[in-house]
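Undergrad: Coordinates for the following, if possible.
(one chain, ligands or ions: 2)
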Amino acid sequence: MNILVTGGLGFIGSHTVVELIKNNHTVIIADNLVNSKLEVLDKLHQITGIKPTFYQIDVTDADQTERVFTDHQIDGVIHFAGLKAVGESVAKPLEYYYNNLVSTMVLSRLCLKYGVGKFVFSSSATVYGENEVPFVETMTLLPTTNPYGETKKISERILEDTSRANPGFSVNLLRYFNPVGAHESGLIGEDPNGIPNNLMPFVTKVAKGEMPRLSVFGDDYPTVDGTGVRDYIHVVDLAEGHVAAIEKMGEGVSVYNLGTGKGTSVLELVNAFIEVNGVDVPYKIVGRRAGDIAEFYADASKAERELGWKAKRGIREMVRDAWGFEKNNM
Ligand code: NAD
Ligand code: UFG
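TA: Residues are numbered from 1 along each chain as shown. Ligands and ions are numbered 1, 2, ... in the order given. Presented below is the predicted three-dimensional model:
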């Protein structure tokens with residue numbers, strides 16, 4: 001298939017491009033580089049031997065984006081492009097609503113206009129709110145605490161309504177849990193600008209000596225050791241999930257959790273990082289972070305049943321590959 005990957009130079013998008021090419025798909029990338037670097041395109045070339053067609057465009061711009069649809073016979077769209085920093089979304093709500101919603105609407109409209117019937121969307125476990133664990137796709141979604149989470153909920157709704165009204169337009173909504181790790185080559189990985197918000201990129205910066213220590217946000221949660229529990233998923237497993245999702249597209253809208261189904265605490269992850277990589281990660285327990293939930297992990301059985309996809313890599317591979325990428329970029 002000819003697949004348009006928006007945000008294809010970003011963290012999850014770049015790993016998905018590799019897996020799509022490995023599975024003989026032709027990839028066209030659209031990215032405005034707001035949170036990625038052009039050199040990732042060369043890294044993709046190095047890994048796959050193929051340099052995907054690249055458009056440096058903003059997918060909220062309907063005219064620029066339409067060019068991609070007139071230049072290529074697109075069979076499917078995987079829409080990663082979006083802003084994703086929870087804290088920043090509270091400070092800049094309009095930027096988040098505009099970027100994340102307008103991009104989804106522009107792309108859906110173009111799919112209808114050009115008869116593109118397969119659409120895969122990057123949603124998030126954040127849409128569940130503070131639900132009982134494990135999170136199951138059939139749960140009633142609870143309120144989220146920030147504009148970022150709302151952009152995911154509203155995008156899901158826009159795509160559901162659009163698909164219902166246009167039966168040829170099939171959508172897979174993928175709710176990611178906590179993507180970490182990197183490609184085993186160490187050439188692509190997570191490379192956030194500035195001070196990282198998320199646990200794993202912060203841990204790698206501390207291990208590298210760029211940050212003095214990790215702050216562990218709270219050790220008084222009702223969890224295995226009091227620290228927050230999440231369902232970390234290796235980004236290559238997640239990327240493989242996208243290949244399955246675009247290849248096994250059903251009719252209408254389907255929702256899938258992409259996680260491992262297993263929870264890991266902050267301290268379990270940090271200790272695995274120290275043990276596997278043989279490096280020190282100084283940390284200090286501090287107060288809870290506002291808006292954090294004690295524990296969440298996926299019921300990942302639906303994706304296995306319907307897409308034939310299951311995460312294969314464990315925490316040890318995740319910490320090894322996260323460090324492998326960071327070391328390569330020293
Ligand atoms: P990322 O920031 O690394 O990648 C997003 C890419 O989209 C970047 O390359 C950025 O330059 C591009 N982009 C943003 N707005 C654009 C626009 N208007 N036009 C063109 N390009 C644009 O983020 P990621 O971690 O790879 O996340 C990909 C998607 O998955 C996002 O939609 C994110 O919200 C979602 N998601 C991520 C996580 C996570 O923890 N990483 C969890 C759940 C969902
Ligand atoms: N944590 C620390 N110290 C840090 C960073 C994080 O102790 O410096 C803890 C958090 O308190 C939490 C765990 O590590 O218990 C994971 O935190 P992350 O920030 O890495 O991930 P979150 O689960 O909070 O959020 C992520 C994405 C959101 C997404 C959510 C659900 O950042 O965009 O997963 O998919 F909405």
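Undergrad: List the buried residues for stretch 89-102?
TA: Residues of stretch 89-102 classed as buried: Ser89, Tyr96, Tyr97, Asn99, Asn100, Leu101 (neighbour count, 16 or more other CB atoms under 10 Å). C-betas here are computed from N, CA, C, even on glycine.
Undergrad: Run the contact check for that stretch versus ligand 1.
TA: Yes. Stretch 89-102 lies within reach of ligand 1 by CB under 6 Å from any ligand atom, at Asn99.
Undergrad: Relative to ligand 2, which of the buried residues of stretch 89-102 is nearest.
TA: Checking the buried residues of stretch 89-102 against ligand 2 by CB to the nearest ligand atom gives Ser89 as the nearest, at 9.0 Å.
Undergrad: Let me have the buried residues of stretch 89-102 in JSON lines, adding secondary structure as columns.
TA: Listed next are these as JSON lines, based on DSSP: H, G, I helix; E, B strand; the rest coil:
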{"residue": "Ser89", "secondary structure": "helix"}
{"residue": "Tyr96", "secondary structure": "helix"}
{"residue": "Tyr97", "secondary structure": "helix"}
{"residue": "Asn99", "secondary structure": "helix"}
{"residue": "Asn100", "secondary structure": "helix"}
{"residue": "Leu101", "secondary structure": "helix"}
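Undergrad: count of residues packed around the single nearest residue of the chain relative to ligand 2?
TA: Per CB to the nearest ligand atom, Gly228 is where the chain lies closest to ligand 2, at 2.1 Å. Residues near Gly228, counting by other CB atoms under 10 Å, number 24.
Undergrad: Same check on His15?
TA: A count of neighbours around His15, defined by other CB under 10 Å, yields 28.
Undergrad: Per-residue pLDDT of it, please?
TA: pLDDT for His15: 98.
Undergrad: how about it, secondary structure?
TA: On the basis of three-state DSSP, His15 is classed as helix.
Undergrad: Quick check: it touching Val180?
TA: No. In this structure His15 lies outside contact range of Val180 using CB atoms under 8 Å: 11.4 Å.
Undergrad: Lowest-scoring secondary structure element of the chain by mean pLDDT?
TA: helix 86-91 (a mean of 94; mean pLDDT, DSSP states H and E).
Undergrad: and it, how far from the chain's centre?
TA: In terms of CA atoms, centre = their mean, to the nearest Å, the centre of helix 86-91 is found 17 Å from the chain centre.
Undergrad: what's the answer for stretch 273-288, then?
TA: 24 Å.
Undergrad: before we move on, the earlier item: setting aside sequence neighbours, what's the nearest residue to the residue of the chain closest to ligand 2?
TA: Spatial nearest neighbour of Gly228, chain neighbours left out: Val266 (5.5 Å); criterion: CB to CB, 6 or more residues apart in numbering.
Undergrad: What about the closest residue to ligand 1 within the chain, how many residues nearby?
TA: Nearest residue of the chain to ligand 1 (CB to the nearest ligand atom) works out as Gly10 at 2.0 Å. Gly10 sits with 27 neighbouring residues when counted by other CB under 10 Å.
Undergrad: who touches it in this structure?
TA: Asp31, Asn35, Ser36, Phe80, Ala81 (CB atoms under 8 Å, 6 or more residues apart in numbering).
Undergrad: hmm, try it at 7 Å
TA: Asp31, Asn35, Ser36, Phe80 (CB atoms under 7 Å, 6 or more residues apart in numbering).
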